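Enquirer: Here is the input, now give the coordinates:
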Amino acid sequence: MDTWLNEVQKYPALYVLCCSVAFRILHKLLQTVPCPRMVDSDPWKTWKWKNLSVSLVHSLLTGTWAVACVIQRPVMVHEIRSTYTPLSYLLIIVSSGYFIQDAGDIIFSGYAKESWEFLLHHFLVIWCFLYAVFTHHYVAGAVVALFVEVNSVFLHARLLLKLAKVSQSSLIYSINKLFNVVTYVTFRLGAQFYLTWYIIHNYSSLDHAFYFLVTMVLMNIMILIYFYRLLRTDFFSKRRHENSVRKFAED
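Expert: Below is the predicted model of the structure:
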């Protein structure tokens with residue numbers, strides 16, 4: 001395993017590129033899968049459906065993988081700067097490839113304006129993950145950050161259900177929204193706030209702590225705003241008129 005890891009670490013950019021291509025191929029393959037009729041009639045919704053489907057696959061893969069890495073090496077939670085395993089390093093390469101591919105898909109598909117929240121999030125993640133990939137520092141921190149992907153499974157499922165016009169009173173939507181809010185608090189807010197606390201607590205001993213702290217604060221603001229919107233829509237909603245502005249991260 002160590003020999004394999006050394007080979008990967010010699011050419012990290014190549015392996016990140018390969019992972020980006022792999023997710024792009026998955027995106028193309030998903031274009032052959034039929035969409036719901038109410039989605040297929042609108043180019044924006046069709047693209048969004050395919051994009052979210054790839055994101056769902058990434059979340060299922062990396063969320064499970066991140067939790068497995070920490071179970072295998074629990075000390076990574078407490079030593080986020082220097083500790084990692086070959087599988088955890090590979091996880092960050094795979095996830096970096098996905099975020100680069102997804103950012104490119106959003107930009108080159110012409111939906112950057114509608115998806116600016118996702119783009120900002122992706123750029124913040126990409127710089128942190130690539131730093132870990134190329135320096136071999138904070139790999140464990142990136143693994144802990146990927147705990148949020150456990151929640152992303154239900155976030156992406158929620159958006160897919162809304163695209164398919166599934167009623168919010170339906171059983172499948174009700175079950176998903178409960179898992180969504182529970183995992184949002186435990187895996188998304190929990191992971192983000194833990195990493196923020198860790199950086200503040202160990203600020204003087206961490207390389208580039210200021211840049212990572214600014215990144216975490218920006219992401220914390222974003223996820224708290226989105227959490228408010230999520231609670232408002234799924235648990236305290238009143239019927240509202242649709243507006244004509246297209247947004248990727250809908251309420």
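Enquirer: Can you get me a residue count around residue 40?
Expert: Residue 40 is flanked by 12 other residues according to other C-beta atoms under 10 Å. Heads up, the C-betas are built off the backbone N, CA and C, glycines and all.
Enquirer: Model confidence for it, exactly?
Expert: You'll see residue 40 listed with a pLDDT of 83.
Enquirer: Now do the contacts for the closest residue to it other than its chain neighbours.
Expert: Spatially, and ignoring its direct neighbours in sequence, residue 40 is nearest to residue 46 (5.9 Å; C-beta to C-beta, 6 or more residues apart in numbering). Counting by C-beta atoms under 8 Å, 6 or more residues apart in numbering, residue 46 makes contact with 35, 39-40.
Enquirer: The residue lying closest to residue 85 once chain neighbours are set aside: how many residues sit nearby?
Expert: Nearest residue to residue 85, sequence neighbours excluded (C-beta to C-beta, 6+ apart): residue 73, at 5.2 Å. Other residues within reach of residue 73, judged by other C-beta under 10 Å, total 17.
Enquirer: any idea where the helices of the stretch 101-250 of the chain begin and end?
Expert: 116-135, 139-145, 148-163, 171-183, 190-201, 209-234 (DSSP state H, counting those that start in this stretch).
Enquirer: Just name the most buried of those.
Expert: helix 139-145 (a mean of 26; mean count of other C-beta atoms under 10 Å).
Enquirer: picking that back up, so how far is residue 24 from the residue nearest to residue 85?
Expert: 31 Å (C-beta to C-beta, to the nearest Å).
Enquirer: Pass me the low-pLDDT residue ranges in the chain, would you?
Expert: Residue ranges of the chain with pLDDT under 70: 1-2, 238-251.
Enquirer: Find the residue at the geometric middle of it.
Expert: residue 149 (5.4 Å; C-alpha atoms, centre = their mean).
Enquirer: and that one, how far is that from residue 125?
Expert: 11 Å.
Enquirer: Same check on residue 189?
Expert: 17 Å.
Enquirer: Then residue 50?
Expert: 21 Å.
Enquirer: now do residue 83
Expert: Residue 83 sits 20 Å away from residue 125, going by C-beta to C-beta.
Enquirer: again with residue 150
Expert: Taking C-beta to C-beta, one finds residue 150 at 16 Å from residue 125.
Enquirer: which residues does the residue nearest to residue 96 when sequence neighbours are not counted contact?
Expert: In space, residue 96 comes closest to residue 129 once its chain neighbours are excluded; the distance is 4.4 Å by C-beta to C-beta, 6+ apart. Residue 129 is in contact with 92, 95-96, 99, 142, counting by C-beta under 8 Å, 6+ apart.
Enquirer: do residue 21 as well
Expert: So residue 21 contacts 97, 101 (C-beta under 8 Å, 6+ apart).
Enquirer: Name the SS class of it, please.
Expert: helix (DSSP: H, G, I helix; E, B strand; the rest coil).
Enquirer: any idea how far it lies from residue 27?
Expert: In terms of C-beta to C-beta, residue 21 sits 10 Å off from residue 27.
Enquirer: which residues are in contact with both of those two?
Expert: By C-beta under 8 Å, 6+ apart, the residues touching both residue 21 and residue 27 are residue 101.
Enquirer: Number of residues surrounding residue 94?
Expert: Neighbourhood size, residue 94 [other C-beta under 10 Å]: 21.
Enquirer: Does it touch residue 18 like I think?
Expert: No: when contacts are counted by C-beta atoms under 8 Å, residue 94 is not listed as touching residue 18 (9.5 Å).
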